[in-house]
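>>> the following comprises the amino acid sequence and a computationally predicted model.
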Amino acid sequence: MSPLIIKTRQEPSELVILKTLKSRFTLSKEDQTKYYNLNKGLEGEQQFDALLENLQCECLILNDLLLTINNQRFQIDSLLIFNNKIHLYEIKNYVDDLYFESNQLFKKDGFEISNPLIQLERATSLLRQLLLKNNFQIPIQSFVIFINPEFSLLQAPLDKPFILSSQLNRFLKDINKEGVALTQQHKKIAEKLIALNMKDYPIQQYPLYSYENIQKGINCLHCISFSFKTTTNRCLQVVCLNCGRKEQLESALARTIKDFQLLFPQDKITTNKMYEWCAKVISKKTLRRFLKVHFSQTGSNRWTFYS
Ligand SMILES: [Zn+2]
């Protein structure tokens, strides 16, 4: 028996934008911190996903849900549907040790951080309401998973649903004992949650950037360099002048234009614009040919744009 993954995890769109921007623009201190935290969070979640994939019991896994009930939005890192219950997980990839005191979490220097239990209790309550509204009655158990093996929670209370990295193996072994088969009803719960899932959190605050102050050009996949040469053999490649890695010109162009679409979704893609975006190092003829093959064309001559 093995779990069935109903929904996989996506990179948050804010992280995708920050990652793309990072190579072309100097992020503010605040955005650098946001990037670090989002990236760290995703790494922790992916580590937990990998552990769940190795479970040896029948359950349905739904990762990364964003749901709404009564105008209240809530997010779930991972949700497992078993025969007789649902498990809900909030995953934290903290590195620095924390201590727990009077229902609050503190860093060693006494600085208080948000207690993930509050987030967890809210999500559990809202999920319960959402399931009931859709006529599903199934108990929910929820846990905060501290995935980082370096992390310790000092004065961790025994009566709270905290699972530290050192306890995870035993915790997953216990889950493996859940041997009861699932029914159509369980699939219906999963289908309903997928149907209600919203795509992504709307980004609260975009980093401040403009076309003018952003680095143009094709960047290397492996290093931060923007300098390269194109090969002259039949199969066109770009060669990074910094690290020497090669990439097919087609794939380098696809990446570079994708960056533009992501950072400037309102702007039209034209041959001239992409010529400028590629720092004028790829000929307009090559670009036009590429766009014709990979994008759909609207208009003609000087009004042509691609989408
Ligand atoms: Zn390179």
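Nice, thanks for sending it over.

>>> just the buried positions in the longest helix that the chain contains, please.
Taking DSSP state H as the criterion, the chain has its longest helix at helix 29-53. For helix 29-53, a neighbour-count test (16 or more other CB atoms under 10 Å) marks 31, 34-35, 38-39, 41-42, 44-45, 47-49, 52 as buried. Any C-beta I mention is one placed from the backbone N, CA and C, and that applies to glycine too.

>>> now do stretch 160-172
Going by neighbour count (16+ other CB under 10 Å), the buried part of stretch 160-172 is 161-165, 168, 172.

>>> before we move on, what about stretch 124-137?
Buried, per 16+ other CB under 10 Å, within stretch 124-137: 124, 126-128, 130-131, 136.

>>> same check, this time on stretch 289-307
Quick answer for stretch 289-307 (16+ other CB under 10 Å): 290-291, 304-306.

>>> for that stretch, C-alpha coordinates in PDB please.
Presented in PDB, the C-alpha positions along stretch 289-307 are these (Å, rounded to 0.1, in the frame of the first residue of the first chain):
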ATOM      1  CA  ARG A 289      11.900  33.100 -36.400                       C
ATOM      2  CA  PHE A 290      11.900  31.900 -32.800                       C
ATOM      3  CA  LEU A 291       8.800  33.900 -31.800                       C
ATOM      4  CA  LYS A 292       6.900  32.600 -34.900                       C
ATOM      5  CA  VAL A 293       7.600  29.000 -34.000                       C
ATOM      6  CA  HIS A 294       6.900  29.200 -30.300                       C
ATOM      7  CA  PHE A 295       4.300  31.900 -29.800                       C
ATOM      8  CA  SER A 296       1.100  32.700 -31.500                       C
ATOM      9  CA  GLN A 297       1.100  35.800 -33.700                       C
ATOM     10  CA  THR A 298      -1.300  38.700 -33.700                       C
ATOM     11  CA  GLY A 299      -1.300  41.500 -36.300                       C
ATOM     12  CA  SER A 300       1.300  41.900 -39.100                       C
ATOM     13  CA  ASN A 301       4.400  43.900 -40.000                       C
ATOM     14  CA  ARG A 302       5.300  46.600 -37.500                       C
ATOM     15  CA  TRP A 303       2.200  45.800 -35.300                       C
ATOM     16  CA  THR A 304       3.000  42.100 -34.900                       C
ATOM     17  CA  PHE A 305       3.100  40.900 -31.300                       C
ATOM     18  CA  TYR A 306       3.200  37.400 -29.800                       C
ATOM     19  CA  SER A 307       1.500  35.700 -26.900                       C
END
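
>>> pLDDT of it, averaged?
Computed over stretch 289-307, the mean pLDDT rounds to 79.

>>> outside of that stretch, which residues touch it?
Stretch 289-307 is contacted from outside by 250, 253-254, 257, 268-271, 274, using CB atoms under 8 Å, 6 or more residues apart in numbering.

>>> same check, this time on stretch 211-223
Contacts of stretch 211-223 (CB under 8 Å, 6+ apart): 21, 23-25, 225-226, 228, 238, 240, 242-243, 245, 247, 252-253, 255-256, 263-264, 267, 276-279, 281-282.

>>> check whether that stretch comes near the ion.
Yes: remark: stretch 211-223 sits within contact range of the ion at 220, 222-223, by CB under 5 Å from the ion.

>>> tell me which parts of the stretch 101-250 of the chain are close to the ion?
So the stretch 101-250 of the chain meets the ion at 220, 222-223, 225, 240, 242-243 (CB under 5 Å from the ion).

>>> just to be sure, Thr68 is in a helix?
No: according to DSSP: H, G, I helix; E, B strand; the rest coil, Thr68 belongs to no helix; its state is strand.

>>> going forward, the N-terminal residue is numbered 51.
That works, and once the first residue is 51, the last one we named lands at Thr118.

>>> picking that back up, show me the buried residues of stretch 339-357 that map onto strands.
355-356 (DSSP state E).

>>> let's have the buried residues of stretch 339-357 in JSON lines, adding distance to Leu130.
Listed next are those as JSON lines, based on distance: CB to CB, whole Å:
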{"residue": "Phe340", "distance to Leu130": "45"}
{"residue": "Leu341", "distance to Leu130": "45"}
{"residue": "Thr354", "distance to Leu130": "50"}
{"residue": "Phe355", "distance to Leu130": "46"}
{"residue": "Tyr356", "distance to Leu130": "43"}
